[in-house]
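Enquirer: Predicted model and sequence below, questions to follow.
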Amino acid sequence: MPEPVAGGAPSPSGRPSFAAEKALVERARRGEEDAFAELVRIASPSALAAARRVTEDAALAEDAAQEAFLRAFRALPRYEQRSSFSAWVRTIAVNAAIDIVRRKRPESPVEDRPARGGGEKRQEDLDLLRKALAALSPVDREILLARELEGIGDEAIAQRLGLSVTGVRVRVHRARRKLRARFKEVRT
Amino acid sequence: MKTNDRATPPGPACAGLTGEALERHIFQCPSCRGQGRMSSAWEALRGDRGSDPLPAVDERFVKRVLGAVRQDASLRRRRRWLLAAAAVLLFFFAAGANSRSASAAPSTPEEIYAGVTTPSAALEGLLPE
């Protein structure tokens, strides 16, 4: 996962530094629309790409990403910047995309699909992961996405969700077991 | 920032295996196969493999988000105003009802006792002569 670099200068990839991003977040918290617009410019490519991987549809991905930015804007006062703004919004976008797909498309069992190869198999795995994540409770899903997509630790997740660290670990263990069971069921 | 142990391939049963032995094991072991597929799905979701480059910034999308944020903020502001107005109305209603019942209620114990013992005029009319 690409992370913002420490310090004030932009990273070689053209992404803003962590300090610059933090300053933008502070300004957006104070209600400066320009700052939030800049944050949207920074985070929207990865949020849209991740949402598109889940939805396989450009319009649904835009809906999910927009929803993610709205949720992020509302949660800005509580955002602790344990991960980069982009990683945080991407996690919210994936979560929103899973919800949108579940609402809009009736599920078809993955096991019924014919055997595929290459990129289609990758998409099939993604599809399976999406369905497995959709079957989890919202809290378990949020915890797993924060770990896997944002790469933040149990303590940070516990603080974010108001849970105990042990509670987070138990939920992670349980959620992973459910996901593994889902992947084990599928014939290759 | 602390990173943690993400789901990593392969499963515990094939730790240490490499090359053909690993392939043979994965072919036979549904658990390791499932673990491998799950890990590759997470990688694909994160875009770790870099197979699909990030799209360029779309100014139309940025405008759309800012419009939605503005609309949401104004809706929430209006909702806050309505809630505050409802709270003020409720307060005045409760205060008015309280002062009315306070002025109507007997204040001293003697008045309360008199109210209990004195039959009302309506009841008096029902009693036989």
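Expert: Great, that's in hand.

Enquirer: Tell me the secondary structure at the residue lying closest to residue A:94 once chain neighbours are set aside.
Expert: Nearest residue to residue A:94, sequence neighbours excluded (C-beta to C-beta, 6 or more residues apart in numbering or on different chains): residue A:50, at 5.2 Å. Placement of C-beta: from N, CA and C, glycine included. Classification of residue A:50 using DSSP: H, G, I helix; E, B strand; the rest coil returns helix.

Enquirer: tell me, how many neighbours does residue A:50 end up with?
Expert: By other C-beta atoms under 10 Å in any protein chain shown, the residues close to residue A:50 number 28.

Enquirer: What of residue B:116?
Expert: 9.

Enquirer: The one 4 residues further on too?
Expert: Residue neighbour count, defined by other C-beta under 10 Å, stands at 8 for residue B:120.

Enquirer: Roughly how far does it sit from chain A?
Expert: Residue B:120 sits 59 Å away from chain A, going by C-beta to the nearest C-beta, to the nearest Å.

Enquirer: pLDDT wise, what is that residue at?
Expert: The per-residue pLDDT reported for residue B:120 equals 71.

Enquirer: Residue B:101 versus that one, what's the distance?
Expert: 19 Å (C-beta to C-beta, to the nearest Å).

Enquirer: about what we covered before: quick one, what contacts the residue nearest to residue A:94?
Expert: A:90, A:93, A:94, A:97, A:149, B:45, B:46, B:47 (C-beta atoms under 8 Å, 6 or more residues apart in numbering or on different chains).

Enquirer: hmm, 10 Å instead?
Expert: For residue A:50, the contact set (C-beta atoms under 10 Å, 6 or more residues apart in numbering or on different chains) comprises A:61, A:64-65, A:68, A:86-87, A:89-94, A:97, A:149, B:45-47, B:54.

Enquirer: hey, which helix or strand in chain A has the poorest pLDDT?
Expert: Least confident helix or strand, chain A: helix A:119-134 with a mean of 84, by mean pLDDT, DSSP states H and E.

Enquirer: so how far is chain B from residue A:41?
Expert: Going from residue A:41 to chain B by C-beta to the nearest C-beta gives 5 Å.

Enquirer: Filter the contacts of residue A:50 down to just the ones in strands.
Expert: Using DSSP state E, no member of those falls in strands.

Enquirer: Mind telling me what element the residue most central in space within chain B is part of?
Expert: In chain B, the residue lying closest to the centroid (C-alpha atoms, centre = their mean) is residue B:76, at 15.0 Å. Using DSSP states H and E, residue B:76 sits in helix B:59-104.

Enquirer: Tell me the helices and strands packed up against that helix.
Expert: In terms of contacts (3 or more C-beta pairs under 10 Å, 6 or more residues apart in numbering or on different chains; DSSP states H and E), helix B:59-104 is packed against helix A:33-55, helix A:58-75.

Enquirer: If you count neighbours, what's buried in the longest one?
Expert: By neighbour count with 16 or more other C-beta atoms under 10 Å in any protein chain shown, helix A:33-55 contains the buried residues A:35-55.

Enquirer: and it with helix A:119-134, angle?
Expert: With axes from the mean of the first three to the mean of the last three C-alpha atoms, to 10 degrees defining the directions, helix A:33-55 sits at 110 degrees from helix A:119-134.

Enquirer: quick check: angle from helix A:33-55 to helix A:58-75?
Expert: Going by the same axes, to 10 degrees, helix A:33-55 makes 130 degrees with helix A:58-75.

Enquirer: any idea of the angle helix A:33-55 forms with helix B:59-104?
Expert: Interaxial angle, helix A:33-55 versus helix B:59-104 (the same axes, to 10 degrees): 110 degrees.

Enquirer: and helix A:33-55, how far out from the chain's middle?
Expert: Computed by C-alpha atoms, centre = their mean, to the nearest Å, the chain-centroid distance of helix A:33-55 equals 11 Å.

Enquirer: now that helix: mean pLDDT?
Expert: For helix A:33-55, mean pLDDT rounds to 92.

Enquirer: and if you look at the shortest one?
Expert: Computed over helix A:58-75, the mean pLDDT rounds to 94.

Enquirer: now stretch B:98-112
Expert: 72.

Enquirer: Equivalent analysis for stretch A:164-184, please.
Expert: 91.

Enquirer: so what pLDDT did residue A:110 get?
Expert: 43.

Enquirer: got it, and residue B:115?
Expert: At residue B:115, pLDDT is 72.

Enquirer: the domain parsing of chain B - what is it?
Expert: As assigned by automatic domain parsing, chain B contains the domains B:7-50, B:58-104.

Enquirer: Compare the mean pLDDT across those and name the weakest.
Expert: When the domains of chain B are ranked by mean pLDDT, domain B:7-50 comes last with a mean of 75.
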